[in-house]
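Participant: model the structure of this input:
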Amino acid sequence: MTSATGNSRQILLSRQRGLTLLEILLVVLIIGLLSTVAVLTLPSDNGQRDVRTMAERMVSLFRYARQEAVFSGVTHGIVWRQGRPELLRRGAEGWDSVPDRRLASLQEKATQFPMFLETGSQRLDLSQDYEAPQILFTNDGQVSPFQLLITHREREAEFTVTDTLTLEPQA
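Facilitator: Take a look at the predicted model:
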């Protein structure tokens, strides 16, 4: 077929421009399959990163409590209420809460992780409410013996924080 100008190539080329809907869908399908394969081959941390981050934040809280006890010369403690760790200071009439807005995000996040405290022969579920502190920090830098087990609600990931204020991943 020739055009009025006699150029048949120009007509054939103008008909082959662009992609059909079927070709576009095929490309999208291939990209989707490759993306799925890539995601499935990535290693999963099974919540390890989240639990480790919470454990590191708890270690920071404990170190802060010990530092406050040493610098103020007053025994401090950590108590769990409604699954949230609270910093307390020993006063003349008992334990007083230490208000610190920097702890608010830690306290809120802590409710998302089941925690258990082992002190001596007993194991405490820290989702319960307690009146007296479970962990003590004295004015000479001593820490009451404990092991804090932090787990993930949905995955098999856990860390232990010890009274040496270090992290130990569970085997």
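Participant: end-to-end on stretch 151-163?
Facilitator: 18 Å (Cα to Cα, to the nearest Å).
Participant: chain center to it: distance?
Facilitator: The chain centroid and the centroid of stretch 151-163 are separated by 10 Å under Cα atoms, centre = their mean, to the nearest Å.
Participant: show me what that stretch is in contact with.
Facilitator: Here stretch 151-163 makes contact (Cβ atoms under 8 Å, 6 or more residues apart in numbering) with 45-48, 50-52, 54-55, 58-59, 62, 112-116, 135, 143-150, 167-170. Every residue, glycine included, has its C-beta placed from N, CA and C.
Participant: hmm, which of those are the buried ones?
Facilitator: Among those, those buried by neighbour count (16 or more other Cβ atoms under 10 Å) are 47-48, 50-52, 54-55, 58-59, 62, 113, 115-116, 135, 143, 146, 148-150, 167.
Participant: show me these that map onto helices.
Facilitator: Those of the buried ones among the contacts of stretch 151-163 mapping onto helices are 48, 50-52, 54-55, 58-59, 62, per DSSP state H.
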